[in-house]
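Enquirer: How does the following fold in three dimensions:
(chains A and B, ligands or ions: 2)
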Amino acid sequence: MIAYPKLKVEGVSKFYGDPSAPVVVVDHVDMRLADNEFVALVGASGCGKSTILSIVAGLQKEYQGVVLVDNKEVNGPGRDRGVVFQSYTLMPWLTALENVEFALRATGTPRKERKKLAMDYLALVGLDKFSERYPSQLSGGMKQRVAIARALSYHPKILLMDEPFGALDALTRRHMHELLTALWERHRMTVLFVTHDVEEAIFLSDRVLIMSNQPGRIKEEVVVDLPRPRTHDLLTTPVFTGLQQRVLTSIREESIKLAKLDGLA
Amino acid sequence: MAYAEKQAQSWKKGRSGFRMSVRMRNLVLALTSFTALIVIWMLITGTGAVRPLFLPGPPKVLATLYKTAMSGQLAADLWISLWRIMIAFAMSCVVAIPGGIMIGSYKTASALVQPVVDFIRYMPVVAFVPLSILWCGTGEWQKYVIIFVGTFFQQILMVQDCVKRVPKELVDVGRTLEMPEHQIMLRIVLPAAAPGIWDAMRTTLGWAWSWLVLAELVAANSGLGYRITVAQRYLQTDLIIGYVLLLGVLGLITDQLMRGAEKRMFAYLGAQ
Ligand SMILES: Nc1ncnc2c1ncn2[C@@H]1O[C@H](COP(=O)(O)OP(=O)(O)O)[C@@H](O)[C@H]1O
Ligand SMILES: [Mg+2]
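Expert: Ligands and ions are numbered 1, 2, ... in the order given. Okay, the predicted model is just below:
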């Protein structure tokens, strides 16, 4: 029995600008992700989701609070946390296969095993047939699937995803949701998934954390008690739409609050 | 399925056919403007409006070039000039590329180097000529110095810019993999910046030709630039024009060669 969460974020704050007149972007955020839990972090654009994710990833140096993985404080980036970014981050000069091998090489997988392992992970995201293609020859959805394969290939304890499907068209995005859900249902792991797409957040996750704007705080938590395996038929069920309404209302309150702050309402 | 495939294929065929015709069209257009230039040149000289001493006609220029080539002088001039530009340009690249990567990656290095580079960059290269002669005489090193000064300070800033434009997220990928700094440099930043760096090299090589000729015009006893000054002394306008044209052609050829290599080396970027 594990007494501590897989990922624990405690009192994390982040401000920009002059310390005497700081612009607080993230304000005392606490999060606990259990082992093998899929948690979505939603909020309007600019509320600080990416900032939180990059702090957890260790890519931000300056912040207050602590991040613990397996109850050990982490400082700086590490192989225990795999990251999938919103922008396309495949190395353009490497093929899909080589991109996965790149991560395996950096994390010390022996040369002989790399190719086969990389191929296995490409197959996992359904891209084994495209292994020889360069990123410029892949669609946006394919690129993100390779990025997922790359992040999974070295077995991080936690997968961090920052709007990985944000740049994709609606149809491809739905396809990605089903692929990711199926993948996760077969190979469970701890995931922190950042998005502003409420449907996406509910469909994928076990729990949705809703953020407030200015400063970014976690204002509400919604447990997604929907059965798995999940398919897109779920989207039209009353339970799903009910949850969706609840989360949307909560986020809308934030934008109304913001509009008032800006003197628009 | 078969239908869709056929469609795709015919579309592809159509597209590449279209591309070919665009290329052909551009070639024809380029040839047209060159021909027009030559025709104008022939008209001016043929009507006797300008004295041949000032502007000889194309046949005369070609004949002189041919004669110079046959005597072996052209090859000798060409070879020494090519050698100079190769050595000096290589020296510049060897320092500018690592230097540019350093100042593009580290704020301290940039703060240390950039002000000086900016300063020197704005000093006219031409003004360095007397100094270079004072320091190096009229030997080979004087040519190297002029070409180096003319290209290096531009190159290093261009390389820095290429490095700065490498997406931060690519570097972040390396960091999340816990790659050591030097590996991030070597295996992410350098290849990501490579296409831009190559392009900068191509551009600066074009400029290097000018600095070469400058150095040879003022102090040399060999090379294309030197031959031009000698020709001036003997009022051989035909030879001057021939060599100037030759320099243009050389520049064009090296540029095309580098573009060709670029297409090959960076084919992974796809058609853009
Ligand atoms: N380097 C920076 N300097 C100042 N403000 C920043 C900087 N980076 C982000 N911000 C601000 O922090 C806020 C949160 O950004 P971000 O975490 O990217 O939001 P989200 O991912 O939720 O859209 C935004 O309002 C943004 O303008
Ligand atoms: Mg964001």
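Enquirer: Just want the phi and psi numbers for the residue of the stretch 51-200 of chain A found nearest chain B.
Expert: At 3.2 Å from chain B, A:S136 is the closest residue in the stretch 51-200 of chain A, using CB to the nearest CB. Yep, even glycine has a C-beta here, placed from its N, CA and C like the rest. Backbone torsions for A:S136, taken as degrees, to the nearest 10, come to phi -70, psi -20.
Enquirer: ok, and the closest non-adjacent residue to it?
Expert: Distances taken as CB to CB, 6 or more residues apart in numbering or on different chains place B:G270 nearest to A:S136, at 3.2 Å, with adjacent residues excluded.
Enquirer: ditto for B:F152
Expert: Among residues not flanking B:F152 along the chain, B:S92 sits closest, at 4.4 Å (CB to CB, 6+ apart).
Enquirer: Give me the number of neighbouring residues for the residue in chain B positioned nearest to ligand 1.
Expert: As assessed by CB to the nearest ligand atom, ligand 1 sits closest to B:K168 within chain B, at 11.0 Å. Counted with other CB atoms under 10 Å in any protein chain shown, the neighbours of B:K168 add up to 12.
Enquirer: Let's verify the residue nearest to the spatial centre of chain A: helix, strand, or coil?
Expert: Taking CA atoms, centre = their mean as the criterion, A:M161 is the residue nearest the geometric centre of chain A, at 2.1 Å. Secondary structure assignment for A:M161 (DSSP: H, G, I helix; E, B strand; the rest coil): strand.
Enquirer: Quick check: it vs A:M91, distance?
Expert: Per CB to CB, to the nearest Å, A:M161 is found 19 Å from A:M91.
Enquirer: Now do the closest residue to ligand 1 within the stretch 51-200 of chain A: how many residues are near it, please.
Expert: Minimum separation of the stretch 51-200 of chain A from ligand 1 (CB to the nearest ligand atom) falls at A:T51, amounting to 3.4 Å. Residues lying near A:T51 (other CB under 10 Å) number 20.
Enquirer: just B:I87 next, same as before
Expert: Neighbours of B:I87 (other CB under 10 Å): 16.
Enquirer: For B:M123, see how far away the closest residue to it other than its chain neighbours is.
Expert: Leaving aside its chain neighbours, B:I87 sits nearest to B:Y144 (6.1 Å; criterion: CB to CB, 6+ apart). To B:M123, B:Y144 is 18 Å away according to CB to CB.
Enquirer: So for the two, which sits in the more crowded spot?
Expert: B:Y144 (21 against 11).
Enquirer: Just the buried residues of the one helix or strand B:D161 maps to, please?
Expert: Take DSSP states H and E as the rule and B:D161 turns out to sit in helix B:140-164. For helix B:140-164, a neighbour-count test (16 or more other CB atoms under 10 Å in any protein chain shown) marks B:140, B:142-160, B:162-163 as buried.
Enquirer: which element follows whichever helix or strand A:N99 is part of toward the C-terminus?
Expert: Using DSSP H and E, A:N99 falls within helix A:96-106. Later in the chain than helix A:96-106, the nearest helix or strand by DSSP H and E is helix A:111-124.
Enquirer: is that following helix up against chain B anywhere?
Expert: No - applying CB under 8 Å from any CB of the partner chain, one finds helix A:111-124 out of contact with chain B, separated by at least 13.6 Å.
Enquirer: ok so, going back, quick one: residues contacting the residue nearest to B:I87.
Expert: By CB atoms under 8 Å, 6 or more residues apart in numbering or on different chains, B:Y144 lies in contact with B:84, B:87-88, B:91.
Enquirer: Among those residues, find me the one that's closest to A:K116.
Expert: Closest to A:K116 out of the contacts of B:Y144 is B:M91 (45.4 Å), distances taken as CB to CB.
Enquirer: what is the mean pLDDT for stretch B:105-118?
Expert: Mean pLDDT, stretch B:105-118: 90.
Enquirer: Please apply the same query to stretch B:265-272.
Expert: Mean predicted confidence for stretch B:265-272 is 85.
Enquirer: try stretch B:24-36
Expert: Per-residue scores along stretch B:24-36 average to 91.
Enquirer: Now do the buried residues in that stretch.
Expert: When neighbours are counted by 16+ other CB under 10 Å, no buried residue of stretch B:24-36 is found.
Enquirer: on that earlier part again, for the helix or strand that comes right after the helix holding B:D161, packing partners?
Expert: Following helix B:140-164 in sequence order, the next helix or strand is helix B:168-176 (DSSP H and E). Helix B:168-176 is packed against strand A:81-84, helix B:181-184, with contacts defined by 3 or more CB pairs under 8 Å, 6 or more residues apart in numbering or on different chains; DSSP states H and E.
Enquirer: now the first one: how far from the chain's centre is it?
Expert: Distance of strand A:81-84 from its chain centroid, counting by CA atoms, centre = their mean, to the nearest Å, is 8 Å.
Enquirer: returning to that earlier point: touching, the residue of the stretch 51-200 of chain A closest to chain B and B:L269? I think so.
Expert: Yes - using CB atoms under 8 Å, A:S136 is in contact with B:L269, at 5.6 Å.
Enquirer: who touches both of the two?
Expert: Common neighbours of A:S136 and B:L269, using CB under 8 Å, 6+ apart, are A:P92.
Enquirer: give the contact list for the residue nearest to the centre of chain A.
Expert: A:83-84, A:191-194.
Enquirer: Could you point out the bridge partners of it in the sheet?
Expert: On the basis of DSSP bridges, A:M161 is bridged to A:V84, A:F193.
Enquirer: Can you verify my assumption that B:M42 contacts B:V61?
Expert: No - counting by CB under 8 Å, B:M42 sits too far from B:V61 to count as a contact (10.9 Å).
Enquirer: Between those two, tell me which one has more neighbours.
Expert: Shown here are B:M42 and B:V61; by other CB under 10 Å, B:V61 has more neighbours (22 against 13).
Enquirer: Please report how far the more buried one lies from B:I40.
Expert: The value you get for B:V61 to B:I40, if CB to CB is used, is 14 Å.
Enquirer: residue of chain B with the smallest distance to chain A?
Expert: Closest point on chain B to chain A, by CB to the nearest CB, is B:G270, at 3.2 Å.
Enquirer: Tell me which residues touch that residue, please.
Expert: Counting by CB under 8 Å, 6+ apart, B:G270 touches A:134, A:136-137.
Enquirer: Could you pick out the residues of chain B near chain A for me?
Expert: B:167, B:169-170, B:172-179, B:183, B:187-188, B:191-192, B:194, B:266, B:268-270.
Enquirer: In a strand, A:H28, correct?
Expert: Yes - A:H28 forms part of a strand when assessed by three-state DSSP.
Enquirer: pretty sure it is touching A:F15, no?
Expert: No - contact criterion CB under 8 Å: A:H28 and A:F15 do not qualify, at 11.6 Å.
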